[in-house]
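Participant: A predicted structure for the sequence below; I have some questions about it.
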Amino acid sequence: MNFVQRLGNNTLDQLRGWGHAALFFWEMLLAVPAALSRFGLVVAQIYAIGNRSLVIILASGLAVGFVLALQMYYALVTYGAAESLGLIVNLSLVRELGPVVTGLLFAGRAGTSLTAEIGLMKAGEQIAAMELMAIDPKARVLVPRLIGGVVSMPILAVLFSAVGILGAWVVAVKMIGVDSGNFWSIMQTQVDVWRDVGNGVIKSIVFGVICTVVALYQGFETEATPEGVAYATTRTVVISSLWILGMDFILTALMFSTP
Amino acid sequence: MGKKGVETLVGLFVLLGVAGLAFLALKAANLGSLTGADSYSVQARFDNIGGLKPRAAVRSAGVTVGRVSSIVLDPKTFQGVVTLDIERTYNFPKDTAAKILTAGLLGDQYVGLEPGGDDKNLVAGETIAQTQSAVVLENLIGQFLTTQADDAGSASGAASGAKK
């Protein structure tokens, strides 16, 4: 009986947590017009979240492009299909790796910085001081970061894919010797802009919302102690990553079920 | 960093993103060849369209001259009605034949146009009169098996006729 009671207790706690997070998300959505009217705050957040993540995203994109080209070449050349290298690399990046890897890196870099920042604001009682002065902390602090994250994430994912394709071109054409004309022309005829690139952008927008909302929620709900902030930061990365991978499966099944 | 500096950098970031998206769409996908501004539509009716899909290529002598825009079934004649968008720079005679061919042995299917000798050209909205449907593998195999059976039947008939 004790075990069953604990199971029921944990389930109810979990549901309460999800409900609380959903209400948090709803209140943030309600504060979006107020945040957009202070556009300077949003711009500052796009800089902090987007621009500052450019280096790691571009470097990772280049590295993933290099490695994809090498590995796919060794796999394709056994079937005499080395000419399709550009197509395979493009589809892998634009459909899957671009949004997902950028999302994971985004959660690690921007998500943790958001959680730590909001958590330390809470630990230093800045949020409480704002509420005392009848300033809505959601409109002033949280929602500009939400908008910054949702705007930055698709841009970063697109840049990841673009740099990855260019990196794959360098390895495939310059190093291995695949024909450059075929590399681009097969890609251009087979990759559909709406189905492949468009669905990849939709995925990256969804992942951006997930990562930013999880990061902000964990920061806002953290215990106001240093240990609490550290714990919240790791929870952000773990929860964001699991959600990204889960939603990626669901979105892929919905978007790419028919050939 | 001053406010202007931050705004400039964010503007550059967004421009970089737009440039990346444009690169992906134009150079790494098929947006460049999707512009259907200068094209006219003609129709062709097939008994079997095989694996033809919308946005398949329309080629003449191997050169892509247009795209398949839509495929529907005519409920009265039960034929497949394929609408072809052909670029305006190419004019085909009225007795052009349309065939459904396969690129390579197992590749995608496309519509091949073979021009006839008529003086007058196809105008937008007209229907191509001569068409050849796609080759369906099962029908081919069925044909092959029946000719095999016929050959075997006539051979044994000749043998039994010779024995008598």
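Facilitator: In hand now; what should we look at? Not measured: the values here are computed from a predicted model. Numbering: from 1, shown residues only, chains lettered A, B, ... in the order given.
Participant: Strands of chain B, start to end?
Facilitator: For chain B, applying DSSP state E gives strands covering B:39-46, B:57-60, B:63-73, B:80-87, B:97-102, B:109-114, B:127-128, B:130-132.
Participant: which residues in the stretch 1-150 of chain A form helices?
Facilitator: Per DSSP state H, counting those that start in this stretch, the stretch 1-150 of chain A carries helices over the ranges A:2-30, A:32-37, A:39-49, A:54-77, A:85-91, A:98-106, A:112-123, A:126-132, A:137, A:143-169.
Participant: Contacts only, for the single nearest residue of chain A relative to chain B.
Facilitator: Residue nearest to chain B within chain A (CB to the nearest CB): A:Ile155, separated by 3.1 Å. For every residue, glycine as well, the C-beta is placed using N, CA and C. A:Ile155 is in contact with A:Gly50, B:Phe13, B:Val14, B:Leu16, B:Gly17, B:Gly20, counting by CB atoms under 8 Å, 6 or more residues apart in numbering or on different chains.
Participant: Helices - which of those land there?
Facilitator: B:Phe13, B:Val14, B:Leu16, B:Gly17, B:Gly20 (DSSP state H).
Participant: Can you tell me which of the residues you listed comes closest to chain A?
Facilitator: Lowest distance from chain A to these (CB to the nearest CB) belongs to B:Gly17, with 3.1 Å.
Participant: Correct me if wrong: the closest one contacts A:Ala157.
Facilitator: No. Between B:Gly17 and A:Ala157 there is no contact under CB atoms under 8 Å: 9.3 Å.
Participant: Those two: who's more crowded?
Facilitator: Counted by other CB atoms under 10 Å in any protein chain shown, B:Gly17 and A:Ala157 do not tie: A:Ala157 has more neighbours, with 33 against 20.
Participant: In the chain, where is pLDDT below threshold?
Facilitator: You didn't say which chain, so I picked chain A. The model of chain A has pLDDT under 70 over residues A:259.
Participant: not quite, I wanted chain B
Facilitator: For chain B, the ranges with pLDDT under 70 are B:1, B:31-37, B:105-107, B:157-164.
Participant: Looking at strand pairing, list the partners for the residue nearest in space to the middle of it.
Facilitator: Nearest residue to the geometric centre of chain B (CA atoms, centre = their mean): B:Tyr110, 2.8 Å. B:Tyr110 has these beta-bridge partners by DSSP bridges: B:Leu101.
Participant: That one: what's it in contact with?
Facilitator: B:Leu52, B:Ala56, B:Ala57, B:Val58, B:Arg59, B:Ile100, B:Leu101, B:Thr102, B:Ala103.
Participant: cool, and A:Glu83?
Facilitator: A:Val178, A:Asp179, A:Asn182, A:Phe183, A:Ile186.
Participant: what about the last one, which helix or strand?
Facilitator: Yep, that's A:Ile186 we're talking about. Secondary structure from DSSP states H and E places A:Ile186 in helix A:180-190.
Participant: burial of the closest residue in space to B:Gln132 that isn't next to it in sequence, as a residue count?
Facilitator: Distance criterion CB to CB, 6 or more residues apart in numbering or on different chains; nearest residue to B:Gln132, sequence neighbours excluded, is B:Lys99 at 4.2 Å. Using other CB under 10 Å, B:Lys99 is surrounded by 17 other residues.
Participant: Next to chain A, which bits of chain B? Give me the list.
Facilitator: Counting by CB under 8 Å from any CB of the partner chain, chain B comes close to chain A at B:3, B:6-7, B:9-10, B:13-14, B:16-17, B:20-21, B:23-25, B:27-34, B:55.
Participant: what do you get if the cut-off is 10 Å, keeping everything else the same?
Facilitator: In this structure, chain B approaches chain A at residues B:1, B:3, B:5-34, B:53, B:55, B:57, B:64, B:108, judged by CB under 10 Å from any CB of the partner chain.
Participant: The closest residue to A:Val209 other than its chain neighbours: what's it in contact with?
Facilitator: Once flanking residues are discounted, A:Val209 sits nearest to A:Val150: 5.6 Å by CB to CB, 6+ apart. Residues near A:Val150 by CB atoms under 10 Å, 6 or more residues apart in numbering or on different chains: A:Ile46, A:Ile49, A:Ser204, A:Ile205, A:Val206, A:Phe207, A:Gly208, A:Val209, A:Cys211, A:Thr212, A:Val213.
Participant: Quick one: buried ones out of these?
Facilitator: Those of the contacts of A:Val150 that meet the buried threshold are A:Ile46, A:Ile49, A:Ser204, A:Ile205, A:Val206, A:Phe207, A:Gly208, A:Val209, A:Cys211, A:Thr212, A:Val213, by 16 or more other CB atoms under 10 Å in any protein chain shown.
Participant: tell me which element the fourth one falls in.
Facilitator: With elements delineated by DSSP H and E, A:Ile205 resides in helix A:199-220, which encompasses its position.
Participant: what packs against that helix?
Facilitator: On a contact count with 3 or more CB pairs under 10 Å, 6 or more residues apart in numbering or on different chains; DSSP states H and E, helix A:199-220 meets helix A:2-30, helix A:39-49, helix A:98-106, helix A:112-123, helix A:143-169, helix A:226-255, helix B:3-27.
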